[in-house]
Structures are given as C-alpha cells and as structure tokens.
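**Student:** quick one, fold the following:
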Amino acid sequence: MTMQLDHDQLHRLLAALGESDIQEFRLEGDDFRLEIRRNLPVSGSVQPTVQLVSEPEPVPVSSSGQSKVVEAAPAPSNPPPAVPASRADLVDVTAPMVGTFYRSPGPGEPAFVDQGSRIGIGQTVCILEAMKLMNELESEVSGEVVEILVENGTPVEFGQVLMRVKPS
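**Tutor:** This is a model prediction of the structure:
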C-alpha cells in the first residue's frame, strides 16, 4: 500500500497531534518517514522534534537475525530566546508546530500584522513554514497585537510564544 500525504492532510495531522498528549508519533510511507517526538529530555531541556527523510532507513539486523532499535543522537539546537512573562490581560499566540516564522506572505510584502494592529478571529497573523509547506496561522482571538516576540525568518518550536494580543 502506498501512503501519500497532501498539504491539508499533513496540516490536520500536525494540528491533531499538537492538541493531543501523544509524546511520540511515527508514520512511514514508501518514500518518506515522519517522526515527531516532544517533551523528551534532551541535554536537560525539553524540545520537540520533527524529522522528515526522503527514504526510509533500513533497520539494522544483528548477526542473530533479530532487528534492533538504534537511537540517533539528537541534533544540537539553540533554545528559543527567553520570553518575558505574560500579563494576565494578554493572550499568547503560540506556534502549533515546529517551523520558520514569517511575518509577511513573501519578501518585500507588508507584514500580516504589526504591533498595534487590530485583528479579528480567523485573520492570518503569520506564516509558519514546516517541511517546505507554508502554513498560515489564523488568530483565535480578536483584539490588538501588543507584542511580537519573534523576528522574521526565525526558527520556532512547538508551543513557543510568537505574539501577544490584548483581547477586545
């Protein structure tokens, strides 16, 4: 059986996993492997991991003919910058997935929102690029953007605070 995921299916899968308490998830097809691991201790910190490879790797087989699991060493990553504590009157807009944060739909185009912008529910506030897919992040609250905490083109992690909104 051949397994293929289109953009919408992948986005729905990642959203469903983001809302669940699943810690590890693995999906393999003929020409891809998707592994998601989160909340696993890595060098004293907690970091989500998404890995996509173009071809499945063969499972090593011992001389006795039994397969064994080999854990890859985690890739070094820089932790996200420290975020100032949230105020009780603000709503945090967080990254629903690991990706790269973009404030505008393309280079040279105006930002979706700026500090002080009024936004409505369902309005696009940024794009998160994950695995070469551009995912528009829509606001779940209406109000005023008070803080934007991530620079354009910066990698972000699952759950990282991107911006804060004062609801109206």
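
**Student:** quick check: bridge partners of residue 154?
**Tutor:** Counting by DSSP bridges, residue 154 forms beta bridges with residue 101.

**Student:** so it sits against residue 103, correct?
**Tutor:** No. Between residue 154 and residue 103 there is no contact under Cβ atoms under 8 Å: 10.0 Å. Every residue, glycine included, has its C-beta placed from N, CA and C.

**Student:** these two - which one has more neighbours?
**Tutor:** residue 103 (21 against 15; other Cβ atoms under 10 Å).

**Student:** any idea how far the residue nearest to that one when sequence neighbours are not counted lies from residue 12?
**Tutor:** Nearest non-adjacent residue to residue 103, counting by Cβ to Cβ, 6 or more residues apart in numbering: residue 111, 4.2 Å away. Computed as Cβ to Cβ, to the nearest Å, the residue 111 to residue 12 distance reads 27 Å.

**Student:** the two: which is more packed in?
**Tutor:** More crowded of residue 111 and residue 12, by other Cβ under 10 Å: residue 111, with 15 against 12.

**Student:** now the more buried one: how far from residue 14?
**Tutor:** Taking Cβ to Cβ, one finds residue 111 at 24 Å from residue 14.

**Student:** again, but for residue 149
**Tutor:** 22 Å.

**Student:** please apply the same query to residue 94.
**Tutor:** Residue 94 sits at a distance of 14 Å from residue 14 (criterion: Cβ to Cβ).

**Student:** identify the contacts common to the two.
**Tutor:** Common contact partners of residue 94 and residue 14 (Cβ atoms under 8 Å, 6 or more residues apart in numbering): none.

**Student:** looking at these two, which has the bigger crowd around it?
**Tutor:** Neighbour count, other Cβ under 10 Å: between residue 94 and residue 14, residue 14 has more, with 24 against 15.

**Student:** which SSE is the more buried one in?
**Tutor:** Residue 14 belongs to helix 7-19 when assigned by DSSP states H and E.

**Student:** and that helix, average pLDDT?
**Tutor:** The average pLDDT within helix 7-19 is 76.

**Student:** who are the packing partners of it?
**Tutor:** Here helix 7-19 touches strand 133-138, going by 3 or more Cβ pairs under 8 Å, 6 or more residues apart in numbering; DSSP states H and E.

**Student:** which residues does the strand it packs on contact?
**Tutor:** In this structure, residues lying in contact with strand 133-138 by Cβ under 8 Å, 6+ apart are 7, 10-11, 93, 95-97, 99, 102, 121-129, 162.

**Student:** show me this protein divided up by domain.
**Tutor:** 1-79, 91-167 (automatic domain parsing).
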